[in-house]
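# Make a model of this:
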Amino acid sequence: MLELLTYLTVIALLSGGVLYIRHRYINRVEYRKRRTELLLSRLTHAISANDSLEGYLTFGHGYFSFTEMSKWKESNKQLFSELKRINLKQVDVSIERFRVVEKFRDSYLNVESIREERNEKYIENELKEYSEIFDDVEGRSLDPQQRNTIVYDEDNNLVIAGAGSGKTSCIVGKIKYLNQRFDILPNEILLISFTTKSTNDLANRVNLKGIQAKTFHKFGLDVVTEVTGKKPSIFDERSFPRIIRQVFTDQLKDSGYLELLVDFFADFLREPKSEMDIETFEEYIDEAKSDSTLTYKIPVGDDLRTARGERVKSSEEARIANFLLFNGIDYEYEKPYKFVTATKKHQQYKPDFTIVQEEKVLYLEHLGISREGDVPKHFAKEGQSYEEAKQAYGDKIKFAREEHEKNKTVLIETYSHEFQEGIVYEELTRKLEEHSLVMKPLSTAEKWEIIQACSEDEIEGVLEVIQTFIALLKSNNNSFESLRSKNKKLATKSARRRNELFLNLIEPIYNRYQQYLREHEEIDFSDMINLATTYLEEGRYKTNFRYIVIDEFQDISFGRYKLVKAIKEQNRNTRLFCVGDDWQSIYRFSGSDISLFSHFDKYFGHSKILRIETTYRFSNPVLNLSSSFIQKNPNQSKKQLKCFNISIETDFEIKYSNESNVVDVLIQVFEEIMSRMAGDKPSILILGRYNHEIGSIMQDYRIKVNVRNGTINYKELNAQFMSIHKSKGLQADYVIVLNCNSGKWGFPSERADDSILNLLLSKSDQYENGEERRLFYVALTRAKKKVYLIADKMLKSKFITEIEGSKQDINKRCPRCKKGDLILRSGYTKGKKWGFYGCSNYQFGCDYQSDFLRNDELMNTSS
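Okay, the predicted model is just below:
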């Protein structure tokens, strides 16, 4: 029985095994059949995919763009998903058919590298095959980098050009190549520049009948006119400053507005910079030389001074001085203490503020310390540790306190941390009232009268900032609500407070300006660009451009960017070719934002970035100097500019002047130029940061000046004066840059870089004096033979100090502040000559002086 059961079990197992094997076989056959049917059903699609890719890879197609590759991948995504795991052993097809599938799968997985390798070979072939086109562009042969910019044809292309590198020739060559090589019709190309003059010049140089050459504004106008059926009335942008000024003047009649304005001028004209935020002594000197350390002063008698009042040691002290003035508290700054403290080693003690009210006398010291008792890092002198500097400052505080205690005089103190915490005025008021001083606040009207008398230039500066702010606001299509939200996220309390106050001053002016446009049924350029963009996005206006070519791309604004983006969105095959130089981006006041250049691919998508770095205008040493100077800003693109002709030199020289002898220095430069004249008269540009600088030379009979057209004549020389902004794109044999000084009307301008604009600008344009640095670069790179920089020896700007470092004997530079020059100070005492070298920045707080010179050293100097 047991044997029978065993036998039956074996039979059952064998039968089950046979059935299982048969079932698996049937499944494998079915699976193979299904896979074969799937492959055969997709074979035509795979062949088509391979053929379409081959079409892209032929040189006749042109450049294989990222968009074309992406479209190919997207259209074959499902096919790849279905075929990716099929192998030859799973299907009943011929090896030839299966290879079709293998080729497709391999191409799909490696299409990016295939595209890259193919395009490299294509570029190499194009440069050889069509060299005749590149050998004659406007009568000259293009250099290798220029040729590359023409044959590369990605979806979005940015050519980063150097000054004088022939960027317009690239544009002319590109359009010639597209037309002759690919039969791109003139009306399929949209050629854009920023001014009517530059657009017309560009169209003339391209010389292709039917090409759509327009400014952004003209294109926007055409779109709006076509969609609405009527041509809109355009606001005259030349009236913008006048309208803003008129609205501002009207706002002054509003007592609430005037009170805000007075608060702003008294405390926030410039962004408060805490002592604790200044890390180096060099930074401190720059701050001390700015107008933030000048106080307001009541005009006395006939001396109606339009300059600011006295200069103090820091912006915090200036704000304290203004607070005292506007609250009717009489003070004297750094008046010698009434008790003698001077010794052979120490000078007489001078408290920061001596406050007098009737019989009461108080002394106020403002101390640059944090709540924890730390001092600013810049307090440490050369060779001194931070702890030593902290101890030395502590000793000074201790000395002052002990002197007042010993002499029974009243000392009150304010601190840097009170400014950071926003409590300084509250605390100062409390301390003054504790000692029975009566606050006699001036009325808002009285304060404004003082501010007007002292700050005519500053008021003009604020109006300029308001104009720039409104231009950026409208160009970005932004709102005050979003800006206030952004402002709340700033880390610094004083910066938030200043921005909020400034926004409250600007918003009523903006609203009145918008009201003016509505009442006059006009739109401004920003409105026109924004409207045109909306019509394109809504599909109410159609375009069929295959190429968009933009000159001077570094000047593009967010509004214009959105317009270009809207054109491209209508046709994904539209290609973009932009040329510009971010080193020369100088039109922020009209809405441009350099981040659109710096982060081109972020805004437009996959892009090819190319460079043209051979300059045909100037050479060394200006080439190296200017390149090094502009790249101090880490946000500028990196370029390796080289000169076309190394045998030609473009030199630079700093000429030092003072307020009274600018014309003498200019004549000296003219005489030098005449001494080098051989043959034709040289071309000369005289450049100013501001248009009004021509006034500094027009009063001298030795030079003939025509203010209307800017011509300047000296003997047989003819020169042309213009602002640096107007000089962009021009060149001359010699360039003379006036007024390279510090101050509100200096270079860099203290009026141009207001931090309120950072709410509207990208982070890539927030480098200190970034726009001014680019403007200075433009001035440096106009000259073919030599550039002269005229600066006041005692008030030279930070840019001049920086440039001096490339030429100046380091022994003549102050070792402490590294900003000033060592100047011999000498005299006679009891018939004996003495002398030492002191820093030219002494009046701004640098007290460096050398040891007294020996007699033999004095013999080699002049007093």
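
# only C-alpha atoms for contact and neighbour calcs from this point on.
Will do.

# quick one, helices of the stretch 201-350 of the chain?
Secondary structure of the stretch 201-350 of the chain by DSSP state H, counting those that start in this stretch: the helices cover 216-228, 240-251, 255-267, 281-289, 315-326.

# What are the buried residues along the third one?
Think helix 255-267. If you call a residue buried by 16 or more other C-alpha atoms under 10 Å, then helix 255-267 has these buried ones: 257-267.

# Just the CA trace of that helix, in CSV.
Taking C-alpha atoms only, helix 255-267 is exported to CSV below (Å, rounded to 0.1, in the frame of the first residue of the first chain):
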residue,chain,number,x,y,z
SER,A,255,2.1,119.4,5.9
GLY,A,256,2.2,115.7,6.4
TYR,A,257,4.3,115.2,3.3
LEU,A,258,6.7,118.0,4.3
GLU,A,259,7.1,116.4,7.7
LEU,A,260,8.1,113.1,6.2
LEU,A,261,10.5,114.9,3.8
VAL,A,262,12.2,116.8,6.7
ASP,A,263,12.6,113.5,8.7
PHE,A,264,14.2,111.9,5.6
PHE,A,265,16.7,114.8,5.1
ALA,A,266,17.5,115.1,8.7
ASP,A,267,18.2,111.4,9.4
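
# Please parse this structure into its domains.
Recorded structural domains for the chain (assignment: automatic domain parsing) are 31-128, 270-454, 642-808, 811-863.

# quick one: which of those is nearest residue 589?
domain 642-808 (8.7 Å; C-alpha to C-alpha).

# ok, back up a step: and the buried residues of helix 255-267, which two are the farthest apart?
Checking those with C-alpha to C-alpha, the most distant pair is 257 and 267, at 15.6 Å.

# Lowest mean pLDDT across the helices of the stretch 201-350 of the chain, which one is that?
The minimum mean pLDDT among the helices of the stretch 201-350 of the chain belongs to helix 281-289 (a mean of 69).

# Before we move on, what's the pLDDT of residue 191?
According to the prediction, residue 191 has pLDDT 97.

# Which of the helices or strands spans it?
Secondary-structure element containing residue 191, defined by DSSP states H and E: strand 189-193.

# buried sites along that strand?
Residues of strand 189-193 classed as buried: 189-193 (neighbour count, 16+ other C-alpha under 10 Å).

# Show me which positions of stretch 820-838 end up buried.
Judged by neighbour count using 16+ other C-alpha under 10 Å, the buried positions of stretch 820-838 are 820-824, 826, 834-838.

# Identify the farthest-apart pair in these.
Spatial extent of the buried residues of stretch 820-838 (C-alpha to C-alpha) is set by the pair 820 and 834 at 21.8 Å.

# residues touching residue 414, list them.
Contact partners of residue 414, counting by C-alpha atoms under 8 Å, 6 or more residues apart in numbering, are 364-367, 424, 427-428.

# Just those residues: which are in helices?
The helices, defined by DSSP state H, take in 424, 427-428 from the contacts of residue 414.

# Okay, buried residues for the helix or strand hosting residue 169 please.
Using DSSP H and E, residue 169 falls within helix 167-182. Using 16+ other C-alpha under 10 Å as the test for burial, helix 167-182 gives 167-179.

# Would you mind giving those residues as JSON lines with distance to residue 378 and pLDDT added?
What follows is the buried residues of helix 167-182, written out as JSON lines (distance: C-alpha to C-alpha, whole Å; pLDDT from 0 to 100):
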{"residue": "167", "distance to residue 378": "45", "pLDDT": "93"}
{"residue": "168", "distance to residue 378": "48", "pLDDT": "94"}
{"residue": "169", "distance to residue 378": "50", "pLDDT": "95"}
{"residue": "170", "distance to residue 378": "50", "pLDDT": "96"}
{"residue": "171", "distance to residue 378": "51", "pLDDT": "96"}
{"residue": "172", "distance to residue 378": "54", "pLDDT": "96"}
{"residue": "173", "distance to residue 378": "55", "pLDDT": "96"}
{"residue": "174", "distance to residue 378": "54", "pLDDT": "97"}
{"residue": "175", "distance to residue 378": "56", "pLDDT": "97"}
{"residue": "176", "distance to residue 378": "59", "pLDDT": "96"}
{"residue": "177", "distance to residue 378": "59", "pLDDT": "96"}
{"residue": "178", "distance to residue 378": "59", "pLDDT": "97"}
{"residue": "179", "distance to residue 378": "62", "pLDDT": "96"}
